[in-house]
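>>> let me see the structure of the following:
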Amino acid sequence: MVYNCTMPDGILLEYYLTPAYALEFALGFPSNLLVVLGYVFCLPEWKSTNVYLFNLAVSDLIFLCTLPRLSYLYANTKSEDNGFGCIINRYILHTNLYSSILFMVWVSMDRFLLVRHPSRLHFLLTKRAALYLSLMTWVVVNMQVAPLIFYMVQDMQKGNWSLCKDFGSLGDIENLLGYSLGLTVTGYLLPLLGLGFSSYHINRLLRVQAEVIQGTGTSFRRPLRVVSAVAAMFLVLYLPYHLMRNVRIASRHPWAGLSDCNKIYLESAYILTRPVAFVHSVINPVFYFLMGDKFRELLLAKIRGLVRWLEQRTGTAM
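Next up, the predicted model:
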């Protein structure tokens, strides 16, 4: 039993995760759906960047579709009673988490190569290379997240398939901590270094070409600002989640020697970081408009044309 300390975790699930996930769905789903439809119907010629951003938008869209169910369960203080649904939900959640940052690494690399090879002569700037890298990304991310299914099935079998737990609360503590740390390094820290690498080399390349840039009058520094903003976004949003997830798992070990109260407080801190990590699905559409070649202009033109068509139909009907 726990004495002399409050238990805020249940309150956070109902009054924090519920509105947080509902808000992320309300803001992220329409914008990502608009991007996906825009790529399908408005973009006549796809380039390498468009391939990466389209995959990213599809990943975000699939993930966002899981949030209403989570929000409903937390609002009614229920646990997912469908074992298959629990596993699929958590699998999609973590697949999106790690595919998002990896696709942004390819976008950042693409921006660096485009600054270095404006004529797009580099083979990695081709659409075929982007398709291969996108396929490789999905394979790698699924391999990274696949062990989570094993841990979840093992945990749900012990609970008679009646309790759906989050990553940091699964039962096999010993192996889970090693897996979580490995996933943190390979799925988060290495891609984050890739984003930093791209930002550094774009900055260095622009300094070398400073005289040429000033002479053209073109905003070549946009790739640097965008790549730096992407790196900052994943640093701010992902770091607290990964830190607290590993601390949460470690705190449950007997060798940690923590009191029940401290374990509860750490779990609450871990809960606070979870929706923060997925705010990227709401922010990502901003980067689609900043990095997509002429995508913004084509999408706005299509929307204006649709509005005019609806106005004409309405006028004719009257």
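
>>> I'd say Tyr188 and Leu102 touch.
No - counting by CB atoms under 8 Å, Tyr188 does not reach Leu102; the two are 9.8 Å apart. (C-beta placed from N, C-alpha, C; glycine too.)

>>> more neighbours: the two, which one.
Higher neighbour count among Tyr188 and Leu102: Leu102, with 26 against 21, using other CB atoms under 10 Å.

>>> enumerate the positions of the strand or helix carrying that one that are buried.
Under the criterion of DSSP states H and E, Leu102 resides in helix 83-116. For helix 83-116, the neighbour count (16 or more other CB atoms under 10 Å) marks 83, 86-87, 89-115 as buried.

>>> cool, and stretch 68-86?
Buried residues in stretch 68-86, counted by 16+ other CB under 10 Å: 70-71, 73-75, 80, 83, 86.

>>> in the residues you listed, find the pair that's most separated.
Ala75 and Gly83 (21.3 Å; CB to CB).

>>> can you name the element that comes right after the lowest-mean-pLDDT helix or strand in the chain?
Using mean pLDDT, DSSP states H and E, helix 210-216 stands out as the lowest-scoring helix or strand of the chain, at a mean of 54. Heading C-terminal from helix 210-216, the first helix or strand you meet, by DSSP H and E, is helix 222-251.

>>> the inter-axis angle of that following helix versus helix 83-116?
With axes from the mean of the first three to the mean of the last three CA atoms, to 10 degrees defining the directions, helix 222-251 sits at 150 degrees from helix 83-116.

>>> what is helix 222-251 packed up against?
With contacts defined as 3 or more CB pairs under 8 Å, 6 or more residues apart in numbering; DSSP states H and E, helix 222-251 has these neighbours: helix 83-116, helix 173-184, helix 190-208, helix 260-277, helix 280-291.

>>> I'd like the average pLDDT over the longest one.
Right, the one you point to is helix 83-116. Here helix 83-116 scores 90 as its mean pLDDT.

>>> so how far is the helix or strand just after that helix from its chain's centroid?
Using DSSP H and E, the helix or strand that follows helix 83-116 towards the C-terminus is helix 127-158. When distances are taken as CA atoms, centre = their mean, to the nearest Å, helix 127-158 is centred 14 Å away from the chain's centroid.

>>> relative to helix 173-184, how tilted is helix 127-158?
Calculated by the same axes, to 10 degrees, helix 127-158 forms an angle of 170 degrees with helix 173-184.

>>> list the buried ones in helix 127-158?
Neighbour-count burial for helix 127-158, counted by 16+ other CB under 10 Å, picks out 129-130, 133-134, 137, 141, 144-145, 148, 151-152, 155-156.

>>> contact partners for the residue lying closest to Leu73 once chain neighbours are set aside?
The spatial neighbour of Leu73 that comes closest, neighbours along the chain excluded (CB to CB, 6 or more residues apart in numbering), is Glu80 at 6.1 Å. Neighbouring residues of Glu80 by CB atoms under 8 Å, 6 or more residues apart in numbering: 69, 73, 86, 89, 164.

>>> dump those residues to a markdown table, plus distance to Arg245.
Formatted as a markdown table, the contacts of Glu80 follow (distance: CB to CB, whole Å):
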| residue | distance to Arg245 |
| --- | --- |
| Arg69 | 21 |
| Leu73 | 20 |
| Cys86 | 18 |
| Asn89 | 17 |
| Cys164 | 17 |
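
>>> what is the nearest of these to Leu170?
For the contacts of Glu80, the nearest to Leu170 is Cys164 (10.4 Å; CB to CB).

>>> now do the SS call for that closest one.
With DSSP: H, G, I helix; E, B strand; the rest coil as the basis, Cys164 sits in coil.

>>> just read off the phi/psi values of it.
phi -100, psi 110 (degrees, to the nearest 10).

>>> ok, it - contacts?
79-81, 83, 86, 89-90, 156.

>>> list just the nearest of the residues you listed to Ala250.
Arg90 (20.2 Å).

>>> now do the contacts for the closest one.
Contacts for Arg90 (CB under 8 Å, 6+ apart) come out as 148, 152, 164, 166-167.

>>> which one among the residues you listed sits at the bottom for pLDDT?
Per-residue confidence across those is lowest for Cys164, with 84 (pLDDT).

>>> any stretches of the chain with poor pLDDT?
For the chain, applying pLDDT under 70 flags the ranges 1-9, 209-223, 289-303, 305-307, 309-318.

>>> hmm, try it at 80
Applying pLDDT under 80 to the chain flags residues 1-10, 42-44, 79-81, 117-121, 159-162, 171-174, 206-225, 256-257, 287-318.

>>> now Leu56: closest residue in space that isn't a chain neighbour?
What sits nearest to Leu56 in space, not counting adjacent residues and going by CB to CB, 6+ apart, is Phe103, at 4.3 Å.

>>> endpoints of stretch 114-126, how far apart?
11 Å (CA to CA, to the nearest Å).

>>> how many neighbouring residues does Tyr241 have?
22.
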